[in-house]
Structures are given as structure tokens and as C-alpha cells.
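J.: no FASTA, just this:
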Ligand SMILES: Nc1ncnc2c1ncn2[C@@H]1O[C@H](COP(=O)(O)OP(=O)(O)OP(=O)(O)O)[C@@H](O)[C@H]1O
Ligand SMILES: [Mg+2]
């Protein structure tokens, strides 16, 4: 039996806009098993980032439960959820947030600095991570001096250095040209092959071929869930950089 590490059960989320309550997420359920590469896709505004924020413990759902590593995460207070993220989750966004006073290698080992790990060990682990993402040459530069693709590789190194149970990525290739996108995706695939569990939002549907599970959202609900090699995904994967139009179902 696969080991389920994350489970969202019947999640609802409303936001208050002016005087109105607007329901953005309307009963989303899915699970992520250890070793999965889950891709969440769907039109802009359908609620993908909101779902990621909810499962990261950043945005409390109006209804429903998120279980991560056997615990219901919203039973913890905000500090408890922040600890959970620090220890068990690596995050990669479209645009990286760097500690501006730190160079590349210092940023990569920053999660370990927060844990109070001795400098020598932190440095050793950061060099290993930089090697894996082929960025040793940039170690002493300022992250923002590097290209977007190089910055994403460093982001991935930083996300992985603390050996988290889950990598969460929101459009990690959204800012990249196609060559850099492919390089980043290859790294994600490589780390997933080595056993890392990934959940990623992307608009680049050609990458659905990397997913063990693809989840199609539209207008706050899941409209389709597909295993790897599902024939229904084929037309999307072959259409390079395919994009679904609003509310289109596969
Ligand atoms: N804090 C908030 N307050 C009010 N509305 C919000 C808030 N966060 C998100 N929304 C709304 O929820 C909807 C879904 O947003 P979300 O960012 O989750 O979409 P998305 O699928 O990630 O889109 P994209 O592909 O463009 O990133 C949008 O209409 C957005 O305006
Ligand atoms: Mg988004």
C-alpha cells in the first residue's frame, strides 16, 4: 500500500470581498502519496495557488481538513504550522525570495542556519546541493545577479537542503524561457526519481508527462484526476506548452 503523506478532504475556502463572501474553493479533495509527482493544472484564477496555500498551512480553509504526515495541520496554531513548513516542506515559487544580504551559498544553507546547524556542516551540504543543480560556479555571487533559470536551480537547492518530506512548487518555470524550463523540470524529475515527493502547479502542460498524478481544477473544483500515462492526457502533452482555455475540460 502506498504511504499517503498529504490528504485534502472536502476543502472549502471563502474570501470576503467588500461586503460579500466569495467562495473560491468548493469541495476540493485529493491525496499525495510518498514518491508522487502531483501536478495541479487549470485556468488562471481557478484556485490552484489558494489550494497550495491551504495545504502549506498558510491559509485556513473555511471547511474541510488537511492531513500532513498523519496530523491535521489546522489543529496547530500558526507557529506550529510554520515549524511544520520549516522542517518538512521545501517551497519553490515563480520568483525567488532571497535574503538580500547573503550570497548564493549562504542563501542555500539558510534553512539549516535557522536550525542552528554548525557552519562547516551547512557549507558541506550546500556545496553538495549546488553540485546537484550544477550551480557550484555561482556560489559566491549575489542571487539576483544570476539568470532566472540559475536562480530557480538555486531555489530548488535551498528547498531540498533540509531533506523535506514534500516539495511544493507554484509555477517554478513560469518566468523561464523554454530551455531553462526544461532544465528545471529535469531537475524536479531527477529528484522525484530519487524518491522526493513533489506537488507542482504549472501551466506548461507538456510536463504532465512527468506526473504520477495530474489534477485538473476549474472554478474552485477538481474536474479530473488522471494517473500517469492516462490516454486522455496525451493530446495535452503533445501540444507543446499547451494551455487550456477557461473551464475547458479534458
Ligand atoms: N486573499 C484573497 N482575498 C480575496 N480573493 C482572493 C485571495 N486569494 C485569492 N483570491 C481569489 O481567488 C481566486 C483564485 O486565485 P488563485 O491565486 O488561487 O488562482 P490560480 O489558479 O493560482 O491562478 P493563476 O494561474 O493565475 O496563478 C482568484 O479569483 C483570486 O482573486
Ligand atoms: Mg497561482
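T.: Good, I have the coordinates. Everything quoted here is computed from the prediction, not taken from an experiment. Residues are numbered from 1 along each chain as shown. Ligands and ions are numbered 1, 2, ... in the order given.
J.: who are the contact partners of residue 123?
T.: The contact partners of residue 123, by CB atoms under 8 Å, 6 or more residues apart in numbering, come to 105, 109. (C-beta placed from N, C-alpha, C; glycine too.)
J.: which SSE is immediately downstream of the strand or helix carrying it?
T.: According to DSSP states H and E, residue 123 maps onto helix 119-132. Using DSSP H and E, the helix or strand that follows helix 119-132 towards the C-terminus is helix 148-160.
J.: angle of that next one against helix 119-132?
T.: Calculated by axes from the mean of the first three to the mean of the last three CA atoms, to 10 degrees, helix 148-160 forms an angle of 130 degrees with helix 119-132.
J.: elements contacting helix 148-160?
T.: The helices and strands touching helix 148-160, judged by 3 or more CB pairs under 8 Å, 6 or more residues apart in numbering; DSSP states H and E, are strand 89-93, helix 104-108, helix 119-132, strand 166-170, helix 178-193.
J.: would you turn those into TSV with distance to ligand 1 and mean pLDDT?
T.: Listed next are these as TSV, based on distance: least, CB to the nearest ligand atom, whole Å; pLDDT from 0 to 100:
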stretch	distance to ligand 1	mean pLDDT
strand 89-93	11	95
helix 104-108	25	98
helix 119-132	28	97
strand 166-170	7	97
helix 178-193	16	94
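J.: host element of the residue lying closest to residue 143 once chain neighbours are set aside?
T.: In this structure, residue 143 finds its nearest non-sequential neighbour in residue 98, 4.3 Å apart by CB to CB, 6 or more residues apart in numbering. For residue 98, there is no enclosing helix or strand under DSSP H and E.
J.: need the contact list for residue 98.
T.: 107, 143-144, 151.
J.: against ligand 1, how distant is the closest residue to residue 129 other than its chain neighbours?
T.: In space, and not counting its chain neighbours, residue 129 is closest to residue 157: 3.9 Å by CB to CB, 6+ apart. For residue 157, the distance to ligand 1 (CB to the nearest ligand atom, to the nearest Å) stands at 24 Å.
J.: and the residue nearest to residue 143, what pLDDT?
T.: For residue 98, the model assigns a pLDDT of 96.
J.: the one 4 residues further on now?
T.: Looking at residue 102, its pLDDT stands at 97.
J.: residues near it, how many?
T.: The number of residues packed near residue 102 is 15, by other CB atoms under 10 Å.
J.: next: the one 4 residues further on.
T.: Residue 106: 18 surrounding residues under other CB under 10 Å.
J.: now do the contacts for it.
T.: 99, 113.
J.: using TSV, lay out the helices and strands packed on helix 148-160 together with distance to residue 231.
T.: Converted to TSV, the helices and strands packed on helix 148-160 look like this (distance: least, CB to CB, whole Å):
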stretch	distance to residue 231
strand 89-93	30
helix 104-108	41
helix 119-132	34
strand 166-170	26
helix 178-193	21
